[in-house]
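> Would you be able to build a 3D model of this:
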Amino acid sequence: MLRAWLTGAGLRKAAEQAGVDRKTARRYVEAAQAAGLVREGGAGQVSDELIGQVVEAVRPVRADGRRGAGWAALEQRHDQIRTWAEQGLQVEKIRLKLVRSGLQVPYRTLHRFCVQRCAFGRGKTTVRVADGVPGKECQVDFARLGLICDPAQGRRRIAHVLIFTAVYSRHMFLWLTFSQTLEAVIAGCEGAWRFFGGVFQVLVPDNLSPGIASADAVNPTFTTGWLDYAQHAGFATDPARVRAPQDKPRVERMVQYVRGNIFAGEDFADLADAQARGEAWCRSTAGLRLHGTTAARPAEVFAQRKPAGCCRCLSAPMTCRSSSR
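Down below sits the predicted model:
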């Protein structure tokens, strides 16, 4: 910046070349002039000694390192600020409360203080849960998908999607429906068993009202219809806790992926068309993508780890289905 100023550039131009504002450039130039720099003397005047004198004048070393009076004032109110941060108050709200109490500090200083001294903005530690064994667990989520044409009613209706994710392989299956009834959920499960070729031992859904009569973290109450179907199909139900997406993380993150990758920007003739294209998408695009966590292709892992023997028959008239991943 000083060399640019010595060549005849104005403060604005010198500041732009150095990547600082004009006020900062002015402080450095004035400090350099006080240290003996003259504009007609040429760039040879800019020595390490001169630069040291300029920096010392503009940014003197403070007793508390790089922290100034504002930081020291915040330290005196550390306990109160930390309490506000733990209560979920944003930095701007904390700043306003401090202003009302008579303390005014720059927002950047307060933000840096909250992050470094009050653990502001630090998320909870994420503990990855083991994937278990193939065929053990399948996580299920019900999500709103969007509007799809319903020729029977002559209008577009809101469609929902049941997303089944095999925990071990991350292979997915989608079931689209216009309703959220017990019949629709059971139809989705039947479609999933056909797609995967068998029944998982444990199903982890969110708290679907057709299946969960009363949500409880320890002892949930299931509807009679769901209990009958689960006993008939031969799987256990372990519903996620209310507002606890970490209980089914394998499927929770798939909702946005499904909405953005298969539904957004597409036109479907009807629900059957959307369902057929959804299943094809699960086998190809989603099934053959390189998964970010496992670094493997879900459909390939699913096929490779599929046991040779049969696991479970749903009923006598049905064809026996192999265990799935």
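
> Give me the most central residue, this structure.
For the chain, the residue sitting closest to the mean C-alpha position, by CA atoms, centre = their mean, is R253 at 7.6 Å.

> show me what contacts the closest residue to V38 other than its chain neighbours?
Spatially, and ignoring its direct neighbours in sequence, V38 is nearest to Q45 (7.3 Å; CB to CB, 6 or more residues apart in numbering). All C-beta spots, glycine's among them, are computed from the backbone N, C-alpha and C. Contacts for Q45 (CB atoms under 8 Å, 6 or more residues apart in numbering) come out as 6, 36-38.

> how close does Q45 get to L6?
7 Å (CB to CB, to the nearest Å).

> what touches both of these two?
Counting by CB under 8 Å, 6+ apart, the residues touching both Q45 and L6 are L37.

> Check K23 and give its pLDDT.
pLDDT for K23: 85.

> Same check on R39?
The score at R39 is 85. That number is its pLDDT.

> before we move on, what about the one 3 residues further on?
With respect to pLDDT, G42 scores 82.

> Tell me which residues touch it, please.
Residues near G42 by CB under 8 Å, 6+ apart: L6.

> Any regions of the stretch 151-300 of the chain where pLDDT drops low?
Along the stretch 151-300 of the chain, segments meeting pLDDT under 70 span 217, 241-252.

> can you give me the strands for it?
Under the criterion DSSP state E, counting those that start in this stretch, the stretch 151-300 of the chain contains strands at 155-166, 172-177, 202-204, 212-214, 221-222, 236-237.

> Of those, which stretch is the most buried?
With neighbours taken as mean count of other CB atoms under 10 Å, the strands of the stretch 151-300 of the chain reach their highest mean count in strand 172-177, at a mean of 24.

> What strands flank it, and is each parallel or antiparallel?
strand 155-166 (antiparallel) (DSSP bridges).

> How about the contacts made by the closest residue to V202 other than its chain neighbours?
Among residues not flanking V202 along the chain, E137 sits closest, at 4.7 Å (CB to CB, 6+ apart). Contact analysis of E137 by CB under 8 Å, 6+ apart lists 166-168, 200-204.

> picking that back up, looking at the contacts of Q45, which has the most residues close by?
L6 (21 neighbours; other CB atoms under 10 Å).

> Who are the contact partners of it?
37, 39, 41-43, 45-46 are the contacts of L6 under CB under 8 Å, 6+ apart.

> Kindly recompute the last result at 7 Å.
Neighbouring residues of L6 by CB atoms under 7 Å, 6 or more residues apart in numbering: 39, 42-43.

> Would you quantify the distance from W281 to E266?
10 Å.

> Tell me which of the two has more neighbours.
Remark: of W281 and E266, W281 carries more neighbours, 17 against 12, as counted by other CB under 10 Å.

> What residue, apart from its backbone neighbours, is nearest that one spatially?
I262 (4.8 Å).

> again, but for A213
T221 is the one closest to A213 (CB to CB, 6+ apart), at 4.5 Å.

> ok, the one you found touching A215?
No - T221 is beyond contact range of A215, at 8.2 Å (criterion: CB atoms under 7 Å).

> got the end-to-end distance for stretch 230-239?
The first and final residues of stretch 230-239 sit 13 Å from each other (CA to CA, to the nearest Å).

> Mind listing what's buried along it?
Using 16 or more other CB atoms under 10 Å as the test for burial, stretch 230-239 gives 230, 233, 235, 237, 239.

> ok, now which ones touch H291?
170, 298.

> Give me the distance between it and S169.
9 Å.

> ok, now W175?
Counting by CB to CB, the gap from W175 to S169 is 18 Å.

> ok, residues contacting the longest helix seen in the chain?
Using DSSP state H, we find that the single longest helix of the chain is helix 182-196. Helix 182-196 is touched from outside by 162, 164, 166, 173, 175, 177, 199, 208, 210-211, 223, 225-226, 229, 233, 279, 314, 321, 324, with contacts defined as CB under 7 Å, 6+ apart.

> any residues in contact with both of H291 and S169?
Contact with both H291 and S169 is made by residues P298, according to CB under 7 Å, 6+ apart.

> all helices of the protein, in order?
In the chain, the helices defined using DSSP H lie at 2-6, 11-18, 22-34, 48-58, 69-76, 78-86, 91-100, 107-118, 182-196, 224-233, 249-252, 254-258, 271-281, 298-304.
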